[in-house]
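J.: A structural model of the following input is requested.
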Amino acid sequence: MGLVVQKYGGSSVADAEGIKRVAKRIVEAKKNGNDVVVVVSAMGDTTDELIDLAEQVSPMPAGRELDMLLTAGERISMALLAMAIKNLGHKAQSFTGSQAGVITDSVHNKARIIDVTPGRIRTALDEGNIAIVAGFQGVSQDKKDITTLGRGGSDTTAVALAAALDAEVCEIYTDVDGVFTADPRVVKKARKIDWISFEDMLELAASGSKVLLHRCVEYARRYNIPIHVRSSFSGLQGTWVSSEPIEQGDEQVEQAIISGVAHDTSEAKITVVGVPDKPGEAASIFRTIADAEINIDMVVQNVSAAATGLTDISFTLPKSEGRKAIDALEKNRSGIGFDSLRYDDQIGKISLVGAGMKTNPGVTADFFTALSDAGVNIELISTSEIRISVVTRKDDVPEAVRAVHTAFGLDSDSDEAVVYGGTGR
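T.: As a prediction, this is how the structure comes out:
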């Protein structure tokens, strides 16, 4: 008997019918002889609606109380799912994140998992139960406060539990049939990827692919937990994310030169204007940002003007952190010595990802040619061994993604990509 961890997203449990459909799939896994642990997200857009409600009450809700509010969504889902499973004649117990032993640091709204001690989950499994765990949440190690893990935190919960319980696989159920070569909502001819390495999936996730959270993939790579991304709305094979290629029939799935095209419109750009071009200035800027607990993505420094000895430094960061970053930099303006700040939240990032890029000359040229032919202007460029990213205007992103996808022969021969549910909110 193996142990399987399954995670179901909000679109899969958006209503009563969805919850009953998911319950049947879980029971089927149990009937196949597996111990089953299920991690569940809040129903549909519940989390967004709770955030809206909080902002109506308070423009800047306290982090601790916001976590208390948001975790209610997953508690509703887990209880209803346990009820549905029991109605099918099987034993089930639901657990909050803290009851499941998910221990985090004390950073509210974006806590990180420190440890998982799943004693109660093991006991429930030993007693023949299907264990249902509320995703996205845990308990802080020091103050014992309820915490949330940030967007997509249920994926991380699932992989962390799979690692702690030594599961054979972590199945991530979503509203698409797997990981595609681009967002199927933008590129209708996107192709499903049968297998992708942890490294390529990490780059896609970091570049804006919303199927898997970056932290979830990093956790899986660290503990070598295979992830199977599939749809809860169909019985099709999904995408395997693992360290080694999988075998299908007598054939081994090969690593593609290009894995896919990702995009992200959730970032903003800050330009620090008139920075003295001398050692330590960039360090002062990014120390200020780090002290404000803000993650940055791309960084570009212009060539300094010979006449003034001043330069501009631009970087991208989540839009949600924009105001905090501006305030932190302004507060330390005298210490850094810059002239002014420019903020732009109408940008988008397009990334081309593939491990084969480093051994195939011409990929970079083809990428920029595709963007040029589509009339897309580039503002920032960042590269790694397996990724090229550019920042452009937000309005240009859909056309840019489609152009690059076509240029690299990633289009499917048929309209394969199906989005079964979810509002994309």
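J.: Pull stretch 134-148 out as CSV, backbone CA atoms only.
T.: C-alpha atoms of stretch 134-148 as CSV (Å, rounded to 0.1, in the frame of the first residue of the first chain):
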residue,chain,number,x,y,z
ALA,A,134,-6.6,22.8,5.0
GLY,A,135,-3.9,24.2,2.7
PHE,A,136,-2.3,27.6,2.6
GLN,A,137,-1.9,27.8,6.4
GLY,A,138,0.1,26.8,9.4
VAL,A,139,1.1,28.0,12.9
SER,A,140,4.0,30.1,13.9
GLN,A,141,6.8,28.4,15.8
ASP,A,142,7.3,31.1,18.4
LYS,A,143,3.9,32.8,19.1
LYS,A,144,1.6,30.0,18.0
ASP,A,145,-0.3,32.4,15.8
ILE,A,146,-2.2,31.2,12.7
THR,A,147,-0.3,32.1,9.6
THR,A,148,-0.9,31.9,5.8
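J.: Quick check: mean pLDDT of it?
T.: For stretch 134-148, mean pLDDT rounds to 96.
J.: Equivalent analysis for stretch 171-191, please.
T.: The model assigns stretch 171-191 a mean pLDDT of 90.
J.: Show the end-to-end separation of that stretch, please.
T.: Distance between the two ends of stretch 171-191: 20 Å, counting by C-alpha to C-alpha, to the nearest Å.
J.: List the buried residues in that stretch.
T.: By neighbour count on 16 or more other C-beta atoms under 10 Å, the buried set for stretch 171-191 is 171-184, 186-187, 189-191. Glycine gets a C-beta too; all of them are placed from N, C-alpha and C.
J.: residue contacts, residue 90?
T.: 27, 30, 130 (C-beta atoms under 8 Å, 6 or more residues apart in numbering).
J.: circling back: which of the buried residues of stretch 171-191 fall within helices?
T.: Among the buried residues of stretch 171-191, none falls in helices (DSSP state H).
J.: Report how many residues lie close to residue 22.
T.: 24 (other C-beta atoms under 10 Å).
J.: helices or strands up against the helix or strand containing it?
T.: Element membership for residue 22, per DSSP states H and E: helix 16-31. On a contact count with 3 or more C-beta pairs under 8 Å, 6 or more residues apart in numbering; DSSP states H and E, helix 16-31 meets strand 3-8, strand 35-40, helix 63-87, strand 130-134.
J.: Please list the members of the buried residues of stretch 171-191 that lie in strands.
T.: 171-174 (DSSP state E).
J.: Name the nearest residue to residue 281, ignoring sequence neighbours.
T.: Residue nearest to residue 281 in three dimensions, not counting chain neighbours: residue 275, with 5.2 Å by C-beta to C-beta, 6 or more residues apart in numbering.
J.: which stretch among the helices and strands packed on helix 16-31 comes nearest residue 15?
T.: Proximity to residue 15 (C-beta to C-beta) singles out helix 63-87 among the helices and strands packed on helix 16-31, at 10.1 Å.
J.: ok, the next helix or strand after that closest one: who's next to it in the sheet?
T.: Once the chain leaves helix 63-87, the next helix or strand it forms, by DSSP H and E, is strand 92-95. Strand 92-95 sits in its sheet next to strand 130-134 (parallel), going by DSSP bridges.
J.: Please state the offset of the strand it pairs with from the chain centre?
T.: Here strand 130-134 is found 22 Å from its chain centre; the criterion is C-alpha atoms, centre = their mean, to the nearest Å.
J.: if we can go back for a sec, got the angle between the helix holding residue 22 and helix 63-87?
T.: Helix 16-31 and helix 63-87 meet at an angle of 70 degrees, taking axes from the mean of the first three to the mean of the last three C-alpha atoms, to 10 degrees as the criterion.
J.: Centre of the chain to helix 16-31, how far?
T.: 25 Å.
J.: picking that back up, what's in contact with whichever helix or strand the residue nearest to residue 281 is part of?
T.: Using DSSP H and E, the element containing residue 275 is strand 267-276. With C-beta under 8 Å, 6+ apart as the test, strand 267-276 has contacts from 281-282, 285, 297, 308-319, 322, 325-326, 329, 336-345, 347-349, 379-380, 391.
J.: how about 6 Å then?
T.: With contacts defined as C-beta atoms under 6 Å, 6 or more residues apart in numbering, strand 267-276 is touched by 281, 285, 310-314, 316, 319, 322, 325, 337-340, 342-345, 347.
J.: how would you label residue 402: helix, strand or coil?
T.: Each residue gets one of three states, and residue 402 gets helix by DSSP: H, G, I helix; E, B strand; the rest coil.
J.: The spatially closest residue to it that is not a sequence neighbour and residue 389: what is the separation?
T.: Excluding its sequence neighbours, the residue lying closest to residue 402 (C-beta to C-beta, 6+ apart) is residue 187, at 5.6 Å. Using C-beta to C-beta, to the nearest Å, residue 187 is found at 17 Å from residue 389.
J.: next one: residue 405
T.: As for residue 405, its distance to residue 389 is 15 Å (criterion: C-beta to C-beta).
J.: cool, residue 288 as well?
T.: Distance, residue 288 to residue 389, by C-beta to C-beta: 24 Å.
J.: Name the residue in those two with the higher neighbour count.
T.: Ranked by neighbour count (other C-beta under 10 Å), residue 288 and residue 389 place residue 389 first, with 24 against 20.
J.: hmm, which helix or strand of this structure has the shakiest average pLDDT?
T.: Across the helices and strands of the chain, mean pLDDT, DSSP states H and E gives its lowest value to strand 251-252, namely a mean of 54.
J.: Can you show me the helices along the protein?
T.: Secondary structure of the chain by DSSP H: the helices cover 16-31, 46-57, 63-87, 119-126, 153-164, 198-206, 214-223, 281-291, 322-331, 333-336, 363-373, 397-407.
J.: Name the stretch among those that sits most buried.
T.: Across the helices of the chain, the average number of neighbours (mean count of other C-beta atoms under 10 Å) peaks for helix 153-164, which reaches a mean of 28.
J.: still on that earlier bit, could you export the contacts of residue 90 as JSON lines, including pLDDT and distance to residue 102?
T.: Written out in JSON lines, the entries for the contacts of residue 90 read as follows (pLDDT from 0 to 100; distance: C-beta to C-beta, whole Å):
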{"residue": "27", "pLDDT": "97", "distance to residue 102": "25"}
{"residue": "30", "pLDDT": "95", "distance to residue 102": "23"}
{"residue": "130", "pLDDT": "98", "distance to residue 102": "18"}
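J.: just curious, which of those is nearest to residue 47?
T.: Closest to residue 47, out of all of the contacts of residue 90 and judged by C-beta to C-beta, is residue 130, at 24.0 Å.
J.: what's across from residue 104 in the sheet?
T.: The bridge-partner assignment for residue 104, based on DSSP bridges, gives residue 113, residue 140.
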